[in-house]
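S.K.: what follows is a protein structure lacking sequence information:
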């Protein structure tokens with residue numbers, strides 16, 4: 001379901017956005033809705049990437065080496 005939103009812009013911005021929308025063969029509303037969708041999508045992607053990164057940090061990385069014993073045996077002199 002779509003919902004209307006009211007915004008306030010100065011006259012010069014409205015003039016410029018009318019021209020931009022006409023060049024792209026869309027309406028001001030369509031232009032703004034598209035940009036908001038892009039912004040929300042980027043934010044969602046960022047949050048998902050951040051969650052994956054924290055997951056990797058929580059589980060650590062296996063770098064291929066072997067752990068050979070306990071701390072005491074590693075530090076025997």
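M.R.: All right, it came through fine. This is a predicted model, so every value here is computed, not measured. Numbers count the residues shown, from 1 in each chain.

S.K.: buried ones in the helix or strand harbouring residue 48?
M.R.: Using DSSP states H and E, the element containing residue 48 is helix 28-59. By 16 or more other Cβ atoms under 10 Å, the buried positions in helix 28-59 come out as 31, 32. (Each C-beta comes from the backbone N, C-alpha and C, glycine too.)

S.K.: and that helix, what does it pack against?
M.R.: Applying 3 or more Cβ pairs under 8 Å, 6 or more residues apart in numbering; DSSP states H and E, one finds that helix 28-59 makes contact with helix 11-23.

S.K.: contacts for the helix it packs on?
M.R.: Contacts with helix 11-23, where a contact means Cβ atoms under 8 Å, 6 or more residues apart in numbering, come from 9, 27, 28, 30, 31, 32.

S.K.: nearest to residue 54, out of these: which one, please.
M.R.: Among these, residue 32 lies closest to residue 54 (Cβ to Cβ), at 33.1 Å.

S.K.: contacting residues for the closest one?
M.R.: 7, 17.

S.K.: so it versus residue 63, what's the distance?
M.R.: 48 Å (Cβ to Cβ, to the nearest Å).

S.K.: over to residue 8?
M.R.: For residue 8 relative to residue 63 (Cβ to Cβ), the value is 55 Å.

S.K.: ok, residue 46 next?
M.R.: For residue 46, the distance to residue 63 - Cβ to Cβ - is 27 Å.

S.K.: what do you get for residue 50?
M.R.: For residue 50 relative to residue 63 (Cβ to Cβ), the value is 23 Å.

S.K.: ditto for residue 41
M.R.: 34 Å.

S.K.: same deal with residue 9?
M.R.: Applying Cβ to Cβ, the value for residue 9 to residue 63 is 53 Å.

S.K.: which residues of this structure score low on pLDDT?
M.R.: Applying pLDDT under 70 to the chain picks out residues 67-69, 77.

S.K.: at 80 what do you get?
M.R.: Scanning the chain for pLDDT under 80 picks out the ranges 61-77.
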